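S.K.: Here is the input, now give the coordinates:
(4 chains)
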Amino acid sequence: MSERCAVVGVGQTKHKSARTDVSIAGLVREAARKALDDAEMDWSDVDAVVIGKAPDMFEGVVMPELYLADALGAVGKPMMRVHTAGSVGGSTALVATGLVQAGIHERVLVAAFEKQSESDAMWALTVSQPFSAPLVAGAGGYFAPLIRGYMRRSGAPDHIGMLVAVKDRKNALRNPNAHLHLHDIDMKMVEESPMLWEPLRYLETCPSSDGACAIVLGNEATAAKVPRRPAWIHGTAMRSEPTMFAGRDQVNPQAGKDCAADVFRQAGVTDPRRDLDCAEVYVPFSWYEPMWLENLGFCADGDGWKLTESGATAFDGDIPWNPSGGVLSSNPIGASGLIRFAEAAQQVRGEAGDYQVDGARRALGHAYGGGSQFFAMWVVGSDKP
Amino acid sequence: MSGRAIEDLNEDGPVTKMHAPIRLEYRIGAGTAQSRFLRGVAEGKLLGQKCPVCSKVYMPPRGSCPIHGVPTEEEVELPDRGTVTTFCVVNIPFSDLAPEVPYVCAQVLLDGADTALFGLIAGMPAREVRMGLRVRAEWAPREEWTYNLGNIKWWEPTGEPDADYDAYKDYI
Amino acid sequence: MTDVAVVAFAQSKHVAADPNRNEVEMLMPVVAEALEQAGLEREEIGFVCSGSCDYLLGVPFSFVTALDAIGAWPPIRESHVEQDAAWALYEAWVRLQHGDVDTALVYGFGKSSLGDLHEIMTLQLDPYYLEPLWPDMVSMAALQARAYLDATGKTERDLAEVVVRSRAAAASNPNAIVAGTTTADALLKEQTTIAPLRTSDCPPITDGAAVVILATADRARAISERPAWIRGIDHRIEAHSIGVRDLATSRSTALAAGRAGAADDKVDLAEMHAQFSHEELIVRDALGLDDSATVNPSGGPLAANPVMATGLIRIGEAASRISAGGGDRAVAHASSGPCLQHNLVAVLEGE
Amino acid sequence: MGDGAGETLIDEHVLEFPGGYKRSVGPVVGRFLTGLRDQQLVGVRTPAGRVLVPPAEYDPETSAAVGERPEDFVPVGPEGVVTTWAWVREPRPKHPLDRPFAWALIRLDGADTGMLHALDAGTEDAVHTGMRVRPRWRAERVGHITDIECFEPA
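M.R.: Numbering: from 1, shown residues only, chains lettered A, B, ... in the order given. Next comes the predicted model:
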């Protein structure tokens, strides 16, 4: 089997700390409508809908695909809801890709969203559980110690995280959908921002956003008919490992390495730094750029920070990471993974506007979640695989 | 109707917002394995569980070895001292339950355990906490003990020399 | 399409409340039993997919811990739907179409005893017009039951007859919580809880888990003497608001059944995710079943209803009967959402 | 905290976002809720001419956005007809009424779809499909579905 599958439409909302002008359905619908417009399709052209988001507790709506069926044109169609923690946006795209590749559907609408302003991310992510000592430090309290572990292991100097924080926010200035537009961003501004979870400063962490992203996937026949260039899917992979087990490498998890190896093998990528033109990688805390550079095999273990420091991952570097501004600039959690996948597609479609990487023909979309234990990735390209 | 407490949101203009108070109550069972562990904690004991396949000792135990998908029934009593493998210094009070800032959140690898616990480090300035620091549990007064790891208020330095990086680097 | 079959099915011993085991403890032996049935080692499983609901436990990411029951090391290919695990099975069936893996393990679990299931399910509803009124799960079902009775001229006695048959069938199901001999007259003497429904028309609160293993053609034949082949599978959703739907029918079930080919040949048995007695009658109509088909030989959700696994269990129950030679062709149905909003239909056949 | 007896420890757990969720409702839902505050019931007319009450943001038949122009909103009710109902003998604490009542799907006059609300009719015998009902308004209205306290027989 295996039909070819391509991204033929992409849409995003403007991400903001609070989209008070829309309902939950209105938010998701906005991105979905834009994706359909991009593909010059209407609701009736879509065969199935797959939606993803992180915990239902953000909005207090259980299994929101039920309430959202009308808004996404799903009535009378198959609709699925994926939830794989922070990697969910990526997994959602992969589940939908499977539907096209298996020849079950020709055109699938994929949407992911989070309306975090309905509650509060800190609360929703750390709801206290019976019998557990209360978590008193939020998500950063989990990840910052791992960052310290990385710094110790790699010998990375302290300023590397700040370089990423500045780079991604500068990139975001070219992206009209980005939540954060910090026009004066520089090393000094990051350094002077409050040290939240030492070694992590406030400006080295992601914002909390309302936002949605949608893509339309099509089979080969569909891709031949759409007005704009499709992004062909060259490889897809998911991997999971348990949160905690003896001997687990939490800094450089095996599931991420295996997932990358799998997706690159499928796409014929042997040296990701050389073979890819850019990457959209889930970096919610600045230091996760050097950490994931190593995990994904863009360099040898211990060298990630050197790649960042050399400017290789900057917009004008040889392997730009997060030209859109990344998760550090917009983070509607459930959508963030799909945004990475969509932004990778936009690059190889030549549709990335002011943050288009010149001549980008192959790109990685990456998402992770849980305690760095769920991974979803795809490689997209301008050429038919 | 508690759901109606919204006068402050909309004033006289078009209605754009609403409050949705949602309260759900649960009675959660800890499960057999966790109950055993917590009963130990209520007596000031830290009982790890050993995987019958790989012999690794889980602390806190979760009743199964996630690598092998088998129950971990054998208990191993561990000392209430260990090594800080890694940590962060928290400078913002994220919740009412948090101690005064700055405070230190650490992963503590008990001697004899193969997984680390999350805990607070106190009894020394936050700035002086370091990887490899040797610590021991500071328990709450016995009369306050419940079935919760919160019985350990925090971890304090033992004064021993720091552990060698090689001794704990594979546990991060 | 690649041929895919159900080759193993295991479920927990369902109970009204299982306080002594957490989700992982409940799931671990079921996973082990399914693997043993299939004669497979964990490492041989090509894809894992689960279905569960965070709100049953009242904490986010409740499925994450459940992964401990699987032995997800070395890292596995794995995904999760926040839906009944029947949809996880659908995802796994799609995944098996790729050809790079030939087995998949699907699990679903839920402990409805922990919170107030009837209120938790209220949170599935439109958050602006419906949820603030807190119509509970049984109230929503009762509105549909009334609409069905009004439209068809059927009576509460017809609902009671469904219960009588379900309990009789459940007598031979060791996992049933509600089973035994009763009569419509006896049931009709009970007061209604939310009229026209009585407690007997509603599913019992249940804690439980289930596991299904799928395999592609050659692998399936190697594992099972008589695999239950999935000849068709489809699911459809309809409009959310019950005020815009014809509540006496299930349009989405009929659509899915048509796509899955349910009516293409004679159906020997059907397992339906009918949580309330009237739903069985509505779904039966939508599936186009004639009287020769045995309906819910397990007793169905009225006998045991481990939410988030109940739909998957329908597929497992139908498949095990096929594999055991208890029929040649079965239809399994799973449902989600208020008043049968979202429905999945699978057609299973022996060789 | 756990009871210390028996095989397993049991603990109470409350899931509640402090202060409640803050929902932004968008223009279509907002138009309906604004109407409620003013003791008015409005529906929205779809391009095909159906009147949806309460107003959906998207046509359940075609998925088209509705209510984009002010003139798409039309007054409906206040009376309507019960299309289906369910009698609640023992209300739950979160239910809108604390005495036996009916849930009713009500097609307001001028509407093509049903709206769910509580119906205060005293006894089960007083309720039947097809009966006419009217809203009982709260004196203090804030722009919320419960600005209608319930419906009552017309």
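S.K.: Just read off the phi/psi values of the residue positioned nearest the centre of chain B.
M.R.: Nearest to the geometric centre of chain B sits B:Phe118, at 4.0 Å (C-alpha atoms, centre = their mean). As for B:Phe118, its main-chain torsions (degrees, to the nearest 10) stand at phi -90, psi 140.
S.K.: you'd agree it is up against B:Ala106?
M.R.: Yes: B:Phe118 is within contact range of B:Ala106, at 7.4 Å (criterion: C-beta atoms under 8 Å). For the C-beta atoms, the positions are set from N, CA and C on the backbone; glycine is no exception.
S.K.: is A:Cys278 in a bridge, and if so with what?
M.R.: With DSSP bridges as the criterion, A:Cys278 is bridged to A:Ala363.
S.K.: Model confidence score at it, please.
M.R.: pLDDT, A:Cys278: 98.
S.K.: now the one 3 residues further on
M.R.: At A:Val281, the predicted lDDT confidence score is 98.
S.K.: which residue packs closest to it, ignoring adjacent ones?
M.R.: Leaving out its chain neighbours, the residue that sits closest to A:Val281 by C-beta to C-beta, 6 or more residues apart in numbering or on different chains is A:His366, at 4.3 Å.
S.K.: State the number of residues packed around that neighbour.
M.R.: Residues lying near A:His366 (other C-beta atoms under 10 Å in any protein chain shown) number 29.
S.K.: tell me the mean pLDDT for the helix or strand hosting it?
M.R.: A:His366 is part of strand A:362-369, with elements assigned from DSSP states H and E. Strand A:362-369 carries an average pLDDT of 97.
S.K.: Follow the chain on from that strand and name the next helix or strand.
M.R.: Taking DSSP H and E, what comes next after strand A:362-369 is strand A:374-381.
S.K.: was I right about B:Arg134 contacting B:Asp164?
M.R.: No: counting by C-beta under 8 Å, B:Arg134 stays clear of B:Asp164, with 11.2 Å between them.
S.K.: and the two? which has more neighbours close in?
M.R.: Taking neighbours as other C-beta under 10 Å, B:Arg134 and B:Asp164 compare with B:Arg134 leading, 17 against 10.
S.K.: which one is that one nearest to, not counting chain neighbours?
M.R.: Closest residue to B:Arg134 apart from its sequence neighbours, by C-beta to C-beta, 6+ apart: B:Glu160 at 4.1 Å.
S.K.: Now do the SS call for that neighbour.
M.R.: coil (DSSP: H, G, I helix; E, B strand; the rest coil).
S.K.: buried ones in stretch C:100-109?
M.R.: C:Val101, C:Asp102, C:Thr103, C:Ala104, C:Leu105, C:Val106, C:Tyr107, C:Gly108, C:Phe109 (16 or more other C-beta atoms under 10 Å in any protein chain shown).
S.K.: actually stretch A:123-142, not the one I wrote
M.R.: A:123-131, A:133, A:135-142.
S.K.: next one: stretch C:306-314
M.R.: Per 16+ other C-beta under 10 Å, stretch C:306-314 contains these buried residues: C:Pro306, C:Val307, C:Met308, C:Ala309, C:Thr310, C:Gly311, C:Leu312, C:Ile313, C:Arg314.
S.K.: What count of nearby residues applies to the residue of the stretch 201-350 of chain C found nearest chain D?
M.R.: Using C-beta to the nearest C-beta, the single residue of the stretch 201-350 of chain C nearest to chain D is C:Gly243, 3.2 Å away. Around C:Gly243 sit 26 other residues, with neighbours defined as other C-beta under 10 Å.
S.K.: Find the residue closest to it in space, skipping its chain neighbours.
M.R.: Spatial nearest neighbour of C:Gly243, excluding adjacent residues (C-beta to C-beta, 6+ apart): D:Gly114 at 3.2 Å.
S.K.: what sits against the one you found?
M.R.: C:Ser241, C:Ile242, C:Gly243, C:Val244, D:Thr83, D:Thr84, D:Leu105, D:Ile106, D:Arg107 (C-beta atoms under 8 Å, 6 or more residues apart in numbering or on different chains).
S.K.: Helix, strand or coil: sort out B:Ser55 for me.
M.R.: coil.
S.K.: Revised request: answer the last question for B:Gln34.
M.R.: helix.
S.K.: that older thread, across the sheet, point out what pairs with the residue nearest to the centre of chain B.
M.R.: B:Phe118 has these beta-bridge partners by DSSP bridges: B:Gln107.
S.K.: What residues sit buried inside stretch A:264-279?
M.R.: Under 16+ other C-beta under 10 Å, the buried positions of stretch A:264-279 are A:Phe264, A:Gln266, A:Ala267, A:Val269, A:Pro272, A:Arg273, A:Leu276, A:Asp277, A:Cys278, A:Ala279.
S.K.: Just put those residues in JSON lines and tack on distance to A:Ala221.
M.R.: Shown next, in JSON lines, are the buried residues of stretch A:264-279 (distance: C-beta to C-beta, whole Å):
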{"residue": "A:Phe264", "distance to A:Ala221": "28"}
{"residue": "A:Gln266", "distance to A:Ala221": "22"}
{"residue": "A:Ala267", "distance to A:Ala221": "22"}
{"residue": "A:Val269", "distance to A:Ala221": "27"}
{"residue": "A:Pro272", "distance to A:Ala221": "31"}
{"residue": "A:Arg273", "distance to A:Ala221": "35"}
{"residue": "A:Leu276", "distance to A:Ala221": "28"}
{"residue": "A:Asp277", "distance to A:Ala221": "27"}
{"residue": "A:Cys278", "distance to A:Ala221": "29"}
{"residue": "A:Ala279", "distance to A:Ala221": "30"}
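S.K.: I'd like to know which of the residues you listed are part of helices.
M.R.: A:Phe264, A:Gln266, A:Ala267, A:Pro272, A:Arg273 (DSSP state H).
S.K.: The nearest residue to the first one once chain neighbours are set aside: what's it in contact with?
M.R.: Translated: A:Phe264. The shortest distance from A:Phe264 to any residue other than its chain neighbours is 6.1 Å, reached at A:Pro272 (C-beta to C-beta, 6+ apart). The neighbourhood of A:Pro272, defined by C-beta under 8 Å, 6+ apart, consists of A:Ala260, A:Phe264, A:Ala279, A:Leu296, A:Gly297, A:Phe298, A:Ile319, A:Leu364.
S.K.: any idea how far A:Pro272 is from A:Phe113?
M.R.: 30 Å (C-beta to C-beta, to the nearest Å).
S.K.: same check, this time on A:Thr308
M.R.: Counting by C-beta to C-beta - A:Thr308 and A:Phe113 are separated by 30 Å.
S.K.: Show me which of the two is the more surrounded one.
M.R.: Neighbour comparison, A:Thr308 and A:Phe113: the larger count goes to A:Phe113, with 33 against 25 (by other C-beta under 10 Å).
S.K.: wait, that one sits on A:Pro332?
M.R.: Yes: A:Phe113 is within contact range of A:Pro332, at 6.4 Å (criterion: C-beta under 8 Å).
S.K.: overlap in contacts of the two?
M.R.: A:Gly211, A:Ala212, A:Cys213.
S.K.: Mind checking which of the residues you listed are in strands?
M.R.: A:Gly211, A:Ala212, A:Cys213 (DSSP state E).
S.K.: Just among those, which is most surrounded?
M.R.: Going by other C-beta under 10 Å, A:Cys213 tops those with 35 neighbours.
S.K.: Look up how far chain B lies from that one.
M.R.: Distance, A:Cys213 to chain B, by C-beta to the nearest C-beta, to the nearest Å: 24 Å.
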